[in-house]
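Asks: generate coordinates for the sequence data below:
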Amino acid sequence: MLLKTAIFLFRPIRGQSHKSFLLRGGAEVARQAHNLKVIGSIPIPATIFLHQLHSLWSLFVKTSLSPLARRNSRLRKAVFDGTISSELESPPSTNALREANKIDCMKMKHIRAIHIFLTISTLLLAASPAISEDASLSKQSTIPYSPPKKGFWKTLNDLFLPHYESRNVLFEKETAFHNISVEDDESGRRHLVFKPNHGSQGVILPNDPDKLVPNFMKYSFLAIPALERPLRSALFIGLGAGIMPRFVATKFPSVKMDIVEIDKDLKPIAEKYFAFKKNDDMKLFFEDGRYFINHCEEKYNIIILDAYSSVDIPFQFTTVEFFRNAKRCLADGGILVANLANFGRRDFLASEFKTVKSVFKHIAVVACPRNTNYVLFASEKPLFTKADWRESCRKFDEKSDWDFKLAPFLENRLSDKEIDSFSLKAKLLTDDFAPVNSMD
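Replies: A predicted model of the protein is given here:
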C-alpha cells in the first residue's frame, strides 16, 4: 500500500505538468463526491483521501493563474516566437519579462511546497497499521462501544488536513450479497456499512440502543398516527441492523411482525452488534422481498420498504407491478412506507414518485433534514390530509414516551403541487422498463 501510494503521488513528475495533473485530480474529486452522498460521515480509503488533497491543489492552481500570470505567458510567447499578439499593444520590455519570471517562480515554489507537505502527510497515513478483521460471531450480548484509536501521526495529520471522522472497525465479512463492516465512530455511534462506501445502513448508540438515531427511521413512524386503527401487524422488507423491528417490538409489544431479508448473514450481526433480538411475535424470512410480496397472503397495517442502498437499487422493488402486489398485502386503511435515499438521482426519485402515485390513490412525501432521505407514504384512503395528520401526530406525541416528537416532522412535507411538478416529465417504472441504476 505504501509503495502504491508513493507511485500515485509522484506520477505527475513524469510526462505531464503539475497543473494538468492537479486539475484532473480536482475533476476526479467532484466525481467521487457525487458518489459519496450518504448520511453522516464515512471512512474513506487512502486513494480517495489523496483525491481530496488534490482538490486543494486544484483550487490553489486555479486561483494562482490570475489574469496577470496569463498575460505574462503571452509575453514570453511573443518574445520566443518573434511575434506580437494582437492583445499586446507594444513589444514586451525587459522589466515585464523579469516580472513574469518572478511570478512563475513564486507559483512553482508554492506548488512544490504543498506537494512535499501533502506527500509526507499522506505517506504517513498510508503507512499506519490496518485494523484486523474479526473472524467469527459468537452468541453474546451487544458488543460495548469501542472508540477509534488514533496514533501520533494520525492525530498530527488531522490537525492540518481536512479529513473524515475516524472509525474503529469491529467486524468485517463478505457475504453472498454484501461486503459488510461494523464500525464505531468518534461520537459514540455504531454503523452498519455496506462497502465500498455505500453509506450507513443502520446507526445506533451502543450505550443507549433504545434511542432511535437515523432521521429517516423516525420519519417513517409518522405512519402510525395516520392509521385509522391501532397498529396490529407490520411487514419489513429489509432487516439491515434490525433497528426498526426492535423499536416496534419495544414500543408495541403485541404487534405481529414479518421481516424479509435476502442476506441471512445479517441476523447474527444485528444480534451481536445492534441489540436486535427476535421474539415470539417476529417471523424472519430469508428470501427475496419481491418473491415474498408476490406470494404473500397476509394483510398488514404497515409495510416498510427499506431495501435500497445509496448505490445499488434493486429494480424489482421500484416498479408498478411491485407496488400493486404490495397494495394487495395491505389491510383496509393500511400504509406503505418507502425510504428513498437522496443520492443525487433526481430522475429516479421523480420516476418513483410517479410510479407509486399511479398505483395508490393518496401519497405523501416528507423530506429529512438536509434532504438526505425522502420518506414516501402511500395508501388507498385519504389519511394524509394536512390538518388531520398533524392533529393525529400531536395527540400521539402527548401520549407517547418517545424521546422525539412526530408532529414537527410534518413541517418538511412536500406539497402535492411540488410532487406533481417534480414528477411531471418522469418515466413510469415497470418490470419491462426500470433502468434505476443508470438514471441520473
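Asks: use CA for all of it now, contacts and neighbours both
Replies: Noted.
Asks: in what helix or strand does residue 241 lie?
Replies: Residue 241 belongs to no helix or strand when assigned by DSSP states H and E.
Asks: burial count for it?
Replies: Under the neighbour criterion other CA atoms under 10 Å, residue 241 is assigned a count of 27.
Asks: low pLDDT regions in this protein?
Replies: Applying pLDDT under 70 to the chain flags residues 1-142, 145-165, 197-198, 309-311, 343, 440.
Asks: dump the residue contacts of residue 316.
Replies: 290, 322, 431 (CA atoms under 8 Å, 6 or more residues apart in numbering).
Asks: include secondary structure, distance to residue 393 and neighbour count when you put those residues into JSON lines, please.
Replies: Formatted as JSON lines, the contacts of residue 316 follow (DSSP: H, G, I helix; E, B strand; the rest coil; distance: CA to CA, whole Å; neighbours: other CA atoms under 10 Å):
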{"residue": "290", "secondary structure": "helix", "distance to residue 393": "31", "neighbour count": "20"}
{"residue": "322", "secondary structure": "helix", "distance to residue 393": "29", "neighbour count": "22"}
{"residue": "431", "secondary structure": "coil", "distance to residue 393": "36", "neighbour count": "14"}
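Asks: list the contacts for residue 362?
Replies: So residue 362 contacts 378-384 (CA under 8 Å, 6+ apart).
Asks: any idea what it is bridged to?
Replies: Here residue 362 sits in beta bridges with residue 379, as judged by DSSP bridges.
Asks: which stretches in the stretch 201-350 of the chain count as strands?
Replies: Here the stretch 201-350 of the chain has its strands, by DSSP state E, counting those that start in this stretch, at 233-237, 256-260, 282-285, 300-305, 330-341.
Asks: related to what we said a few turns ago, buried subset of the contacts of residue 362, written for ChimeraX?
Replies: Selection of buried members from the contacts of residue 362 for ChimeraX, criterion 16 or more other CA atoms under 10 Å:
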select :378,379,380,381,383,384
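Asks: adding distance to residue 300, write the contacts of residue 362 out as CSV.
Replies: As requested, these are exported to CSV (distance: CA to CA, whole Å):
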residue, distance to residue 300
378, 13
379, 12
380, 14
381, 15
382, 18
383, 16
384, 18
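Asks: what is the most widely separated pair among the contacts of residue 362?
Replies: Maximum pairwise distance among the contacts of residue 362 (CA to CA): 10.6 Å, between 380 and 384.
Asks: rewinding a little: of the contacts of residue 362, closest to residue 171?
Replies: Among the contacts of residue 362, residue 378 lies closest to residue 171 (CA to CA), at 37.0 Å.
Asks: I figured the closest one was touching residue 363, is that so?
Replies: Yes: applying CA atoms under 8 Å as the test, residue 378 and residue 363 come out as touching, 4.3 Å apart.
Asks: verify the stated contact: residue 232 with residue 253.
Replies: No: applying CA under 8 Å, one finds residue 232 not in contact with residue 253, separated by 9.8 Å.
Asks: how about the nearest residue to residue 175, chain neighbours excluded?
Replies: residue 265 (6.8 Å; CA to CA, 6 or more residues apart in numbering).
Asks: now residue 419. Nearest residue, chain neighbours left out?
Replies: Nearest non-adjacent residue to residue 419 (CA to CA, 6+ apart): residue 353, at 7.3 Å.
Asks: surely that neighbour meets residue 418?
Replies: No: with contact defined as CA under 8 Å, residue 353 does not count as touching residue 418 (11.0 Å).
Asks: compare those two and say which one has the larger neighbour count.
Replies: Shown here are residue 353 and residue 418; by other CA under 10 Å, residue 353 has more neighbours (23 against 12).
Asks: would you mind measuring from that one to residue 245?
Replies: Going from residue 353 to residue 245 by CA to CA, to the nearest Å gives 25 Å.
Asks: for residue 375, same thing?
Replies: Distance, residue 375 to residue 245, using CA to CA: 17 Å.
Asks: residue 233 now?
Replies: In terms of CA to CA, residue 233 sits 11 Å off from residue 245.
Asks: then residue 272?
Replies: On the measure of CA to CA, residue 272 and residue 245 end up 15 Å apart.
Asks: so what sits against both of residue 233 and residue 245?
Replies: With CA under 8 Å, 6+ apart, residue 233 and residue 245 have common neighbours residue 257.
Asks: neighbours around residue 398, how many?
Replies: 10.
Asks: just the element for it, please.
Replies: Here residue 398 sits within helix 386-399, counting by DSSP H and E.
Asks: and residue 192, by the same measure?
Replies: With DSSP H and E as the criterion, residue 192 is inside strand 190-195.
Asks: quick check: closest non-adjacent residue to residue 332.
Replies: Using CA to CA, 6+ apart, the closest residue to residue 332 is residue 301 (7.7 Å).
Asks: sorry, that was for residue 367
Replies: Of all residues not flanking residue 367 in the chain, residue 374 sits nearest, at 4.6 Å (CA to CA, 6+ apart).
Asks: so the one you found belongs to a strand, correct?
Replies: Yes: counting by DSSP: H, G, I helix; E, B strand; the rest coil, residue 374 is found in a strand.
Asks: could you check how far it is from residue 356?
Replies: For residue 374, the distance to residue 356 - CA to CA - is 14 Å.
Asks: between the two ends of stretch 216-235, what distance do you get?
Replies: End to end - CA to CA - stretch 216-235 spans 17 Å.
Asks: and it, which residues are buried?
Replies: 216-227, 231, 233-235.
Asks: so which of these are in helices?
Replies: 216-220, 223-226 (DSSP state H).
Asks: okay if I get these as CSV plus distance to residue 435?
Replies: Listed next are these as CSV, based on distance: CA to CA, whole Å:
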residue, distance to residue 435
216, 25
217, 27
218, 30
219, 28
220, 26
223, 29
224, 33
225, 35
226, 33
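Asks: now for the closest residue to residue 205 other than its chain neighbours: which residues touch it?
Replies: Spatial nearest neighbour of residue 205, excluding adjacent residues (CA to CA, 6+ apart): residue 189 at 4.8 Å. Residues in contact with residue 189, defined by CA under 8 Å, 6+ apart, are 145, 203-206.
Asks: from these, which is closest to residue 367?
Replies: Using CA to CA, residue 203 comes nearest to residue 367 of those, at 18.9 Å.
Asks: ok, that closest one touching residue 215?
Replies: No: taking contacts as CA under 8 Å, residue 203 lies outside contact range of residue 215: 10.2 Å.
Asks: higher neighbour count, these two?
Replies: residue 203 (22 against 16).
Asks: spatially, what comes nearest to the more buried one if we skip its sequence neighbours?
Replies: residue 191 (4.6 Å).
Asks: hang on, isn't that neighbour packed against residue 172?
Replies: No: assessed by CA under 8 Å, residue 191 is found out of contact with residue 172, at 11.9 Å.
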